[in-house]
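Novice: Here's a sequence, model it:
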Amino acid sequence: MQMDLHQPAQDTVLKNIWKQITLFLLTFGAVVICFFIIHPFLSAIIGAIVLAVITQRPYKALTRKIKNRNLSSTIALVLVILSVVIPCFFILQDLVQGTTTIIIFLRSDVPQKSLAQFLEAHPTIASDIHIISNNIDLQNTVRTMAAVLGGLLTGFLSYSFSATVQLIILLFILFFLYRDQEMAIAFARSLLPLNEQETDALLTNMSSTINATALGRLVIGLVQGLLAGLAFWVFGVPNTMLWMAVTVIVSILPAVGASIVWVPIALYLGLTGHWGKAALLTAWGTFVVSSIDNFLYPVLVGSKLNQHTVSILLAILGGVVIFGFSGVILGPLAFTIASTLLDIWQARNNNLNPRPPLPQS
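Specialist: Numbers count the residues shown, from 1 in each chain. Below is the predicted model:
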């Protein structure tokens, strides 16, 4: 009877394969569980990473003067609180007050009376509106809008405790990202199944995307918000600070951005009889507020975000739908990671299957 000498070796190989599969499944399960554990604090984690990336240069300049990592990280954290956290707190206060004022105004009888007076003075427009809105109860529309805004404000106020917890966690993580950034980068490198050159390309593209999305789009939004807010103040639009802040937020979206705010306000000015102000705001919004994006985007973003406008818009909107406000960063970042990994696969494939040389004439 002849024995199969290869059987023990085959059994060992199969045993090792099953061990690898089991290890992979256990690791995957553990990672999924960890994701669900940290998911409630995802906004704080993303915020800390974004702040650490966009403040990288000033922090490095600080560490060159202060060699003690704990001290330099503490000073950097205090500077972030003074320059970012405290101003945002006062801005949010103004937003809440402005929203409350709008809700009180909409719940009063003033909007209905103003609408009735306007329709009496413009019978042609009144008849057109009547034809369009035969099945719409205009009198309850404003009240419904007030109820919606009231619900949003109530939700915002109830979210304030959770936001405070998120802020504390964000600052806690940011301190250690400052202090132990080399350790964090080395840990990330050790997990990536890429060579050194590929890892450098991926991390560089991720850093550029965060800077371009968080810093570039934010600066553009601030400029557009200030320009729009200046016009709102000059033309006597109520709650200027509120609409300016909303303009800053929506300016993150490419292509449409600030026009979401100033177009309805221009229509409001026109419908309330201020046609001159409406025309001037339309011109200012078209040729200054919305057009400034075309000049600032190449300077502040440029080639850092190597994506088409359509893909950026879809990435931001899709990211917000899936991850909430953190999706503003996570959406474009996911697109960048996918694009970089596809480039790496293509480069590896070209190296494994080189193209035949072109025939010489």
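Novice: which non-adjacent residue is nearest Ile265?
Specialist: Of all residues not flanking Ile265 in the chain, Val237 sits nearest, at 5.8 Å (Cβ to Cβ, 6 or more residues apart in numbering). Backbone N, C-alpha and C define where each C-beta goes, glycine included.
Novice: For the one you found, what are phi and psi?
Specialist: phi -70, psi 130 (degrees, to the nearest 10).
Novice: and the gap between it and Leu230?
Specialist: 11 Å (Cβ to Cβ, to the nearest Å).
Novice: Same question for Gly257.
Specialist: 17 Å.
Novice: Which one's more surrounded, these two?
Specialist: Counted by other Cβ atoms under 10 Å, Gly257 and Leu230 do not tie: Gly257 has more neighbours, with 22 against 15.
Novice: Might one say that that one is in contact with Ser251?
Specialist: Yes - Gly257 is within contact range of Ser251, at 4.5 Å (criterion: Cβ atoms under 8 Å).
Novice: immediately after the helix or strand hosting Ala186, which helix or strand?
Specialist: Using DSSP states H and E, Ala186 maps to helix 181-191. As assigned by DSSP H and E, the chain's next helix or strand after helix 181-191 is helix 196-210.
Novice: Okay, now the unreliable bits of the stretch 51-200 of the chain?
Specialist: For the stretch 51-200 of the chain, the stretches flagged by pLDDT under 70 are 92-161.
Novice: now the helices for it?
Specialist: 56-65, 69-80, 86-107, 110-121, 123-132, 138-158, 160-179, 181-191, 196-210 (DSSP state H, counting those that start in this stretch).
Novice: Equivalent analysis for the stretch 251-361 of the chain, please.
Specialist: 259-271, 275-284, 292-300, 309-323, 327-352.
Novice: Export those helices as a markdown table, with columns for distance to Leu215.
Specialist: Below are the helices of the stretch 251-361 of the chain laid out as a markdown table (distance: least, Cβ to Cβ, whole Å):
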| stretch | distance to Leu215 |
| --- | --- |
| helix 259-271 | 22 |
| helix 275-284 | 26 |
| helix 292-300 | 7 |
| helix 309-323 | 15 |
| helix 327-352 | 11 |
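Novice: out of those, which comes closest to Ile185?
Specialist: helix 327-352 (16.0 Å; Cβ to Cβ).
Novice: tell me the angle the closest one makes with helix 309-323.
Specialist: 120 degrees (axes from the mean of the first three to the mean of the last three Cα atoms, to 10 degrees).
Novice: Summarise which helices and strands helix 327-352 is packed against.
Specialist: helix 42-54, helix 196-210, helix 309-323 (3 or more Cβ pairs under 8 Å, 6 or more residues apart in numbering; DSSP states H and E).
Novice: Lowest average pLDDT across those?
Specialist: Of all these, the minimum mean pLDDT falls on helix 309-323 (a mean of 79).
Novice: in that one, what's buried?
Specialist: Ile312, Leu313, Ala315, Ile316, Gly319, Val320, Phe323 (16 or more other Cβ atoms under 10 Å).
Novice: And these, which is closest to Ala338?
Specialist: Among the buried residues of helix 309-323, and counting by Cβ to Cβ, the member closest to Ala338 is Ala315, at 10.0 Å.
Novice: nearest residue to that closest one other than its sequence neighbours?
Specialist: Per Cβ to Cβ, 6+ apart, closest to Ala315 is Gly331, 3.8 Å.
Novice: now that neighbour: how far from Thr209?
Specialist: From Gly331 to Thr209 the distance is 10 Å (Cβ to Cβ).
Novice: Give me the more crowded residue out of these two.
Specialist: Shown here are Gly331 and Thr209; by other Cβ under 10 Å, Thr209 has more neighbours (27 against 24).
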